[in-house]
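*Asks:* Starting from these lines, generate the structure:
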Amino acid sequence: MTIDYEPITPPGRLDALQELRLPVDMLRWAPSLLTMKSRRTAHPRTAILLPGFGAGPRSMRVMESFLRRRGHRVRDWGLGVNNGDARKFRVQLESVVGESIAAYGEPVVLVGWSLGGYIAREYAREHPEGVRRIVTLGSPVIGGPRYTATSEWYRSRGHDLAEMERAVKRRYATPLRVPVTAIYSRRDGIVAWQACIDKWSPDVHHIEVRETHVGLGFSPRVLGLVADEIARD
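*Replies:* Next comes the predicted model:
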């Protein structure tokens, strides 16, 4: 499968500085946080939350609590801190998903933040029968880490970023057969927003928001979107 896309520039230092606006954004969200009603969903689903690079389950506690108040059955991935080893986590996730399916008798929704979203997509590419839907938050689907603020970390450890990008491209040869909701932001200072756009998979719904990368896990609007997308048929 041939995939062509416009040249992408990874976030620079000025872009990354936008992530420091989280306290300001939280003040902006305050009225919504105070008035936001956690109405119970008519379609409760089973969801598993996958954290981003360098983060663990605690980073998604706010989202987990909100989704539970909405009525969804939610758990973290139980695999600790995401150290960037996507291949290892795809293998380990199989037992986590299997446990949830055995407990509730239905496919799961995978909600992944940043690298967690990429891992969710690639797990579903290999095991579509166990996944109902994927929701990604600022997740790079182009280039692996090449167009993210983590690129230098990977390069410093001897990784060939060009080869990693080619490996990501090659995986598109196996179609993604699970619906995806991709939430992204042009204010993202960690992942180039263009790298979050999937033009080649058959069932991807993109939603643009105006939050920083860190803010994607706490914004009232994003929390509401995730809850609604989990409930979609």
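*Asks:* the strands in the chain, which residues?
*Replies:* Assigned by DSSP state E, the chain shows strands spanning 46-50, 73-76, 108-113, 131-137, 180-185, 204-209.
*Asks:* Deepest-packed of these, please.
*Replies:* Counting by mean count of other C-beta atoms under 10 Å, strand 108-113 has the highest mean neighbour count of the strands of the chain, with a mean of 28. To be clear about C-beta, it is placed using only N, CA and C from the backbone, and glycine gets the same treatment.
*Asks:* So for that strand, mean pLDDT?
*Replies:* Averaging pLDDT along strand 108-113 yields 98.
*Asks:* same check, this time on stretch 21-36
*Replies:* 77.
*Asks:* Determine how far the last residue of stretch 128-141 lies from the first.
*Replies:* Length of stretch 128-141, first residue to last, C-alpha to C-alpha, to the nearest Å: 18 Å.
*Asks:* Could you dump the strands of the chain into JSON lines with distance to Arg21 added?
*Replies:* Putting these into JSON lines (distance: least, C-beta to C-beta, whole Å) gives the following:
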{"stretch": "strand 46-50", "distance to Arg21": "24"}
{"stretch": "strand 73-76", "distance to Arg21": "27"}
{"stretch": "strand 108-113", "distance to Arg21": "18"}
{"stretch": "strand 131-137", "distance to Arg21": "17"}
{"stretch": "strand 180-185", "distance to Arg21": "12"}
{"stretch": "strand 204-209", "distance to Arg21": "14"}
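*Asks:* and Lys88, which of these is closest to it?
*Replies:* Shortest distance between Lys88 and the strands of the chain, using C-beta to C-beta, is found for strand 46-50: 13.1 Å.
*Asks:* thinking again about what came up before, of the strands of the chain, which approaches Leu67 most closely?
*Replies:* strand 73-76 (4.6 Å).
*Asks:* Pull up the pairing partners for the closest one, direction included.
*Replies:* strand 46-50 (parallel) (DSSP bridges).
*Asks:* what about the partner strand, distance to the chain center?
*Replies:* Relative to its chain's centre, strand 46-50 lies at 11 Å (C-alpha atoms, centre = their mean, to the nearest Å).
*Asks:* wouldn't Val226 be in contact with Leu67 here?
*Replies:* Yes: between Val226 and Leu67 there is a contact under C-beta atoms under 8 Å: 6.9 Å.
*Asks:* if we can go back for a sec, so which of the strands of the chain is nearest Gln92?
*Replies:* Checked against C-beta to C-beta, the stretch from the strands of the chain lying closest is strand 46-50, at 11.1 Å.
*Asks:* what's in contact with that closest one?
*Replies:* 57, 60, 63-64, 67, 72-77, 82, 89, 93, 96-97, 100-101, 103-104, 106-113, 116-117, 119-120, 230 (C-beta atoms under 8 Å, 6 or more residues apart in numbering).
*Asks:* again, only using 6 Å
*Replies:* Strand 46-50 is contacted from outside by 60, 64, 72-77, 100, 104, 106, 108-112, 116, 119-120, 230, using C-beta atoms under 6 Å, 6 or more residues apart in numbering.
*Asks:* so how far is the worst-scoring helix or strand of the chain on mean pLDDT from its chain's centroid?
*Replies:* Lowest on mean pLDDT, DSSP states H and E among the helices and strands of the chain sits helix 22-35, with a mean of 77. Distance, stretch centre to chain centre, for helix 22-35: 22 Å (C-alpha atoms, centre = their mean).
*Asks:* One more: stretch 61-70?
*Replies:* 16 Å.
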